[in-house]
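A.B. asks: Need coordinates for the following:
(chains A and B)
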Amino acid sequence: MLHRTQKLSDTLGEIKNLPGELEFQFPSLPEPLLQLSEKSMVGLKGTMVSPRPVNLPEMGIEDGDVEDDLDLSRLQSMSTMKRTTIQPVKDVIPIVACDASSVKVGETETGMLFAIRAVAVWRRPDKLQFKRWGPLLFHVPNSDGQSDAWPDDGSPRSFGGFSVKTLRILTRLRNHVERWVQEALCNAVRDGVILFDGSLTAGTPDNPAGRVSKILATARSNNSIVIALSKSTQLTVGGKNILALFDREKPANLIDITEIVEQEYPAYPVRFLGRVGVVKLSQDGFLFRVDIDKDSSEEQGIRSLGKLAGTDVAFHGYPESLRIAHIFSTFTSNEILAIQRFIAANHGISLQSKPSLRRSLFGPFGTSRYVV
Amino acid sequence: MRIYRKEGDQVQLIAFPDEQIGKGDYFLIEDPSLSKGLLVQVIDLQYANIPGVLEDILRDVMTDGELTGEDSDPLNISSEVDALKDTRLALCKIRGTINQEGGLTPSTSWLPSRTASRIKPYRVGNLLVNGGKRPVKLGHTDGESLQVDASTLDGGLNIITGRKGTGKSHLAKLLLISMASYGAPCVVLDVNGEYVNLHKSKDGRQQSIRLTVLAPRSGLNFALSKLGLRTVSGVLAHALDLPATSSKVFTTIWRDLEARGGLSLPEMIKAVQGWNCHDSVREALVSRLQVLLESGLFSDETNSLTEEKIMRLVEDGGILVVNLKNQSQTVRRILVEIFLGELTKILSSNWLKAIFLFAEEAHLYLRETYWDDIVTRMRHIGLFTTFITNQPDTVQEGIYRQADNVFIFNFTNEHDLDTIGKVAKADRETINYLVRGIPTRRCLLLGNVVRDLPLMVDVEALDVRTMGETRLFFS
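C.D. replies: Now for the predicted structure:
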């Protein structure tokens, strides 16, 4: 019996011996996005910013990260689900992953300050490489009339410290940055596997299906395939999380639940642009929700999962490139402090912590369910 | 720089990477609204405990190996992140308050404003009146020359300590030459023969220093009659451990010989051998007198070293080096006993106002009872001692507590640091933090010489032959 570390080093050793190199040319951040960031920050001079408190328990909190919530209540039997064994294959194919993060940096009198960053990671025969864009800073006003840059129909109701409008703008911004990176990858990579963090569910104003479809089509035109992996999912069967229903002892396999999902949910407005499944990429790995581009062939999807399992999976059955992408996009507390310092130094604002009413009233019990 | 917090007599400052700060530096936390400032000294530097730094470092480590990449960072925020990672936390001891007129008061019962205060480097040299009437250039602190007043070394007890090879003897020689240049009479008990060439420059030229080197069979020659009963009895009792009963018999024989006018060491031995006393007493006395005879210190009693001669050698800035190199411990103890006796006589007679004694590795020749004697009785008659040692635990604890000035070079051993921590002139934390890891020739000054403001100094180089005539293989 091999230990996990032995397996890992063996795999890495074999990967190192693979011939050839993969080089990609990625574009710089789009000028309109930079201008939008710059424009949003204009006018902050002389204002007071309440910096987001940064301490250890809050470390790495990713604001506005929402999981898809699907309840497959009509599903009664596991036997109706199709299971396919995945055969790990070592192959020299480009495997590229991307992720994006946003974080609240502070509050102004009129809105919120956010930072957004995106990362792409790709595997070369002997190592992993990354390209990181950002952070970009945005000031998002809480109410209408503060700026014309943020047209929106949301009401200024409060939700976890964010107004709905602010939250939606933030989600839209982050989605925009993430989709931009995904687009760049799909344009650049040929004959490869492109990994997204999350799902291929689209069809909301903040996440338009048209754009995601276009991204998937670009990948297909380059003979690549998009696979989205979700670390956690709200997919439930009869009230139980779907990930809990599977036998952990089985080897690498995929259970396709696309039909069930499609039967359960209407085709509009939310669209499932991928075949939805639950996947285990290594025998000792965790289960993940997987969305594979629906317009690619089923066979290509299974083959790509096999290549992914044979080439890139290293840690608890999770693709290493996607893991690195997540790690490198996540904001640490130190980075939040650095951004606050940057804003204070470059935008002529003064940082002044706002007293926490909750803390004042409830002392150590004044914790919030929401990011404060 | 910003005030982070205050705990007891410590203030913690946050220093950003572009701000110059080092261990031992002084800063003034000036509160404009109160027109005064808190004088603090940095005793240790640490990395500020910034949340998330561990994650940043772990991520950086990942890029050291099989992961490489590039950042498209249009706002250059990564430089801010790096700056935060290098942000330092300075642990500072409060040393006092600088008032509006620039004077130092020991008051520390107030707090400067955290937000309105200005923190700026402070040159403590200004407070030392840099040198006074008799400046002694000790070296440099922060690139600026540091001079102390020789009078701060007067009337006191000094200790120079540090690991071997860190510069103790060098500083002792600097102080010795400086004191002599102001006319101070100086005596050196030189265990390793290191002071014998102080009158020569490095290139062999003769210096203006008036230096006399004496050693057994080389100028160190005594006569029983000149030393007197008290000194000789002291040598027998304290250096040669003569029992009290035998001492009484010796006193009787001494008086008899003295009355007959035949007081010399050979005559004394003869007299004891023929004296009517118990065999054991006779044996005890003869064996010890034989040791004195064989020491070579009484080879020519007609041309002996007297207190008058010693006085002439040291008065008006003369340096007398008693070379104890290659001597047995017994001979060293005899010599030191004789010299301390002679110096006491000179000072008790008010022939000299004071004598500065430099004692290297005194534990090798100083008997237990002399430690207290030196810091109490002898100090009051004008014998001002500087102990130089690399074994701080060999100096009695009481000496540390009584020391007026302490010069500490590098130490790393916990036990040594604990011992020195007993110095009354500074707190244990200051010594522990500042002394550990300081380079050769850098020294922590404590005591009157720096107005009780601990100060780090790079000791001045000397253009004298600081080593003895050491025979070298690779030369």
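
A.B. asks: what about the helices in the chain?
C.D. replies: Using chain A here. Assigned by DSSP state H, chain A shows helices spanning A:4-16, A:31-41, A:164-188, A:209-221, A:258-264, A:298-311, A:320-329, A:333-346, A:357-362.

A.B. asks: other chain: chain B
C.D. replies: Using DSSP H, helices in chain B cover B:53-62, B:77-85, B:168-181, B:224-234, B:244-260, B:265-274, B:279-294, B:307-314, B:329-348, B:368-375, B:377-381, B:397-402, B:414-420, B:428-435.

A.B. asks: Just name the most buried of these.
C.D. replies: helix B:168-181 (a mean of 22; mean count of other C-beta atoms under 10 Å in any protein chain shown). (Glycine included, C-beta is placed from N, CA and C.)

A.B. asks: Can you list the helices and strands that it packs against?
C.D. replies: strand B:135-141, strand B:158-161, strand B:186-190, strand B:319-323, strand B:355-360, strand B:383-389, strand B:455-459 (3 or more C-beta pairs under 8 Å, 6 or more residues apart in numbering or on different chains; DSSP states H and E).

A.B. asks: Ok, which of the helices of chain A comes nearest residue A:83?
C.D. replies: Closest approach to residue A:83 among the helices of chain A (C-beta to C-beta): helix A:298-311, 11.5 Å.

A.B. asks: Check whether the closest one comes into contact with chain B.
C.D. replies: No. Helix A:298-311 lies out of reach of chain B by C-beta under 8 Å from any C-beta of the partner chain, never closer than 14.3 Å.

A.B. asks: and residue B:334, how far is that from chain A?
C.D. replies: Distance of residue B:334 to chain A, given as C-beta to the nearest C-beta, to the nearest Å: 68 Å.

A.B. asks: my read: that residue touches residue B:238, true?
C.D. replies: No. With contact defined as C-beta atoms under 8 Å, residue B:334 does not count as touching residue B:238 (9.5 Å).

A.B. asks: near chain B, which residues of chain A?
C.D. replies: Checking chain A against chain B by C-beta under 8 Å from any C-beta, the hits are A:12, A:28-29, A:34, A:54-56, A:59-60, A:121, A:126-137, A:324, A:327-328, A:332-339, A:341-342, A:346.

A.B. asks: If any of these are buried, give me the PyMOL selection for them.
C.D. replies: Those of the residues of chain A next to chain B that count as buried under 16 or more other C-beta atoms under 10 Å in any protein chain shown are selected in PyMOL with:
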select buried, chain A and resi 29+54+59+121+128+129+130+131+132+133+134+135+136+137+324+327+328+332+333+334+335+336+337+338+339+341+342+346
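
A.B. asks: pLDDT below threshold where in the chain?
C.D. replies: Went with chain A since none was named. For chain A, the stretches with pLDDT under 70 are A:1-23, A:55-81, A:143-167, A:232-249, A:267, A:314, A:354-360, A:362-372.

A.B. asks: not what I meant, chain B
C.D. replies: Residues of chain B that meet the cut-off, pLDDT under 70, sit at B:62-65, B:129-131, B:368-369, B:424, B:466-473, B:475.

A.B. asks: Tell me which residues touch the residue nearest the centre of it, please.
C.D. replies: Nearest to the geometric centre of chain B sits residue B:160, at 1.7 Å (C-alpha atoms, centre = their mean). Counting by C-beta atoms under 8 Å, 6 or more residues apart in numbering or on different chains, residue B:160 makes contact with B:168, B:171-172, B:386-389, B:406-407, B:409.

A.B. asks: Show me what from chain B comes close to chain A.
C.D. replies: Counting by C-beta under 8 Å from any C-beta, the residues of chain B near chain A are B:50-53, B:55-56, B:59, B:62, B:65-75, B:77, B:80-81, B:83-85.

A.B. asks: same thing but 7 Å
C.D. replies: B:50-53, B:55-56, B:59, B:66-72, B:74-75, B:77, B:80-81, B:84-85 (C-beta under 7 Å from any C-beta of the partner chain).

A.B. asks: For residue 183, which non-adjacent residue is closest in space?
C.D. replies: Looking at chain A here, since you left the chain open. The shortest distance from residue A:183 to any non-neighbouring residue, by C-beta to C-beta, 6 or more residues apart in numbering or on different chains, is to residue A:215 (5.4 Å).

A.B. asks: Chain B, not that one
C.D. replies: Nearest to residue B:183 is residue B:317, by C-beta to C-beta, 6+ apart, at 4.3 Å.

A.B. asks: what distance separates the start and the end of stretch B:226-244?
C.D. replies: End-to-end distance of stretch B:226-244 (C-alpha to C-alpha, to the nearest Å): 23 Å.

A.B. asks: What are the contacting residues of that stretch?
C.D. replies: In this structure, residues lying in contact with stretch B:226-244 by C-beta atoms under 7 Å, 6 or more residues apart in numbering or on different chains are B:224, B:247, B:250-251, B:254, B:284, B:288, B:291, B:304, B:306, B:330, B:333-334, B:337-338, B:341, B:367.

A.B. asks: change it to 6 Å
C.D. replies: B:224, B:247, B:254, B:288, B:304, B:306, B:333-334, B:337, B:341, B:367 (C-beta atoms under 6 Å, 6 or more residues apart in numbering or on different chains).

A.B. asks: beta partners for the residue in the stretch 51-200 of chain A positioned nearest to chain B?
C.D. replies: Here the residue of the stretch 51-200 of chain A nearest chain B is residue A:130; by C-beta to the nearest C-beta that distance is 3.4 Å. Judged by DSSP bridges, the bridge partners of residue A:130 are residue A:121, residue B:69.

A.B. asks: give the contact list for it.
C.D. replies: A:119, A:121, A:328, B:69.

A.B. asks: same thing but at 10 Å, please
C.D. replies: A:97-98, A:119-122, A:321, A:324-325, A:327-329, B:62-63, B:67-71 (C-beta atoms under 10 Å, 6 or more residues apart in numbering or on different chains).

A.B. asks: That concludes my questions; thank you for your assistance.
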